[in-house]
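Q: sharing a sequence plus its predicted fold:
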Amino acid sequence: MPHLTSATAGTASTNLRTGFGIPGYAHPLVAPGEWGTLTRPGTPLHWVVLNVAEGPGSRPDPHCLEAVGRLRQAGVRVLGHLDITYGARAGGELISDAQRYLDWYRVGGFLLHRCPTERATLPEVRRAVTGLRALLDDPHIVLGHGTHPYPGYAENADQLVTFSGSWSDYRWSQVAEWTADYAPERFCHFVHGVPRGHLDEALRIARWQGASTIYFTDRTDRGGRTDPWETMPGYWDDIVSRIGTGVSE
């Protein structure tokens with residue numbers, strides 16, 4: 001089990017309303033089964049990320065419009081994928097992409113991919129988030145750090161992705177002590193390469209580290225050569241049933 005830097009985090013995380021945050025499946029034309037499965041009643045979804053072409057693309061995509069429309073009808077929140085390249089992305093470009101997501105796909109918020117983590121870049125990210133919130137009433141903003149950032153970032157978003165990586169790293173990961181000051185609903189963990197036989201262990205780690213939005217998959221990145229999030233895990237039905245019924249601690 002991972003070392004916990006805060007006993008409070010473990011204590012506060014034993015009764016979570018765990019659900020999925022989908023980092024972004026492949027294009028609906030390539031992965032129609034994945035997108036279709038997400039509309040099944042009872043699937044514990046917190047949100048699904050739409051990434052058309054490393055952003056909204058240059059024009060509305062009919063396949064994405066259809067997939068997003070089905071999700072909205074099922075009551076699922078869809079987030080637009082915005083790559084801010086660790087703070088190097090121009091603010092005007094970011095807002096332009098966000099507006100296209102809103103105009104074309106009527107998203108309910110945004111995932112800011114490759115979000116920086118340092119204290120020095122916090123003001124720039126704060127400005128970007130403020131600009132995004134001005135575009136939409138009550139948008140859901142997720143900062144995709146992939147690791148624990150400077151604590152001040154938590155004041156500028158609805159959720160933070162504080163782990164994104166492999167199972168071999170996750171099972172020995174540490175939770176930052178400052179996260180104990182926030183509810184588990186504020187944190188997300190994305191883990192690839194999780195074997196079916198270790199699902200219960202992975203779910204326990206997420207609970208004890210205080211993250212209620214998760215995505216676990218048995219797919220791997222093959223040393224960085226592939227995107228492990230593009231396809232559904234082979235044990236999707238299994239993990240859906242485990243989250244639906246809860247996992248004993």
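A: Nice, I can see it. Residues are numbered from 1 along each chain as shown.

Q: ok, longest strand in this structure?
A: Of all the segments of type strand in the chain, defined by DSSP state E, the longest one is strand 159-166.

Q: got the CA positions of the helix or strand just after that strand in PDB?
A: Scanning forward in sequence from strand 159-166, with DSSP states H and E defining helices and strands, the next element found is helix 167-170. As requested, C-alpha coordinates have been extracted for helix 167-170 and formatted as PDB (Å, rounded to 0.1, in the frame of the first residue of the first chain):
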ATOM      1  CA  TRP A 167      -0.100   1.300 -11.800                       C
ATOM      2  CA  SER A 168       3.500   0.500 -10.800                       C
ATOM      3  CA  ASP A 169       3.900   4.100  -9.700                       C
ATOM      4  CA  TYR A 170       0.400   4.400  -8.200                       C
END
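
Q: I'd like to know which elements helix 167-170 is packed against.
A: Helices and strands in packing contact with helix 167-170 are listed as strand 187-192, helix 199-209; criterion 3 or more Cβ pairs under 8 Å, 6 or more residues apart in numbering; DSSP states H and E. Backbone N, C-alpha and C define where each C-beta goes, glycine included.

Q: point out the most buried one among the ones you listed.
A: Between the helices and strands packed on helix 167-170, the one whose residues have the most neighbours on average, counting mean count of other Cβ atoms under 10 Å, is strand 187-192 (a mean of 25).

Q: helices and strands around that strand, which ones?
A: Applying 3+ Cβ pairs under 8 Å, 6+ apart, one finds that strand 187-192 makes contact with strand 159-166, helix 167-170, helix 199-209, strand 213-217.

Q: first to last residue in stretch 231-238, what's the distance?
A: 16 Å (Cα to Cα, to the nearest Å).

Q: from the chain's centroid, how far away is it?
A: Computed by Cα atoms, centre = their mean, to the nearest Å, the chain-centroid distance of stretch 231-238 equals 17 Å.

Q: could you list the buried residues of it?
A: By 16 or more other Cβ atoms under 10 Å, the buried positions in stretch 231-238 come out as 231-233, 235-236.

Q: can you check stretch 21-38 too?
A: 21-28, 31, 34-35, 38.

Q: tell me which of the residues you listed fall in helices.
A: Here DSSP state H is the test, and those give 34-35 as lying in helices.

Q: so which of the buried residues of stretch 21-38 sit within strands?
A: Counting by DSSP E, the members of those that fall within strands are 21-22.

Q: tell me the one of the buried residues of stretch 21-38 nearest Y182?
A: Sorting these by how near they are to Y182, with Cβ to Cβ, puts G21 at the top with 16.3 Å.

Q: residues contacting the nearest residue to the closest one once chain neighbours are set aside?
A: By the measure of Cβ to Cβ, 6 or more residues apart in numbering, the closest residue to G21 outside its immediate chain neighbours is T213, 4.2 Å from it. With contact taken as Cβ atoms under 8 Å, 6 or more residues apart in numbering, T213 is in contact with 18-21, 46-47, 159, 185, 187-189.

Q: in terms of contact, does A74 touch T39 like I think?
A: Yes - taking Cβ atoms under 8 Å as the contact criterion, A74 and T39 are neighbours in contact, 4.4 Å apart.
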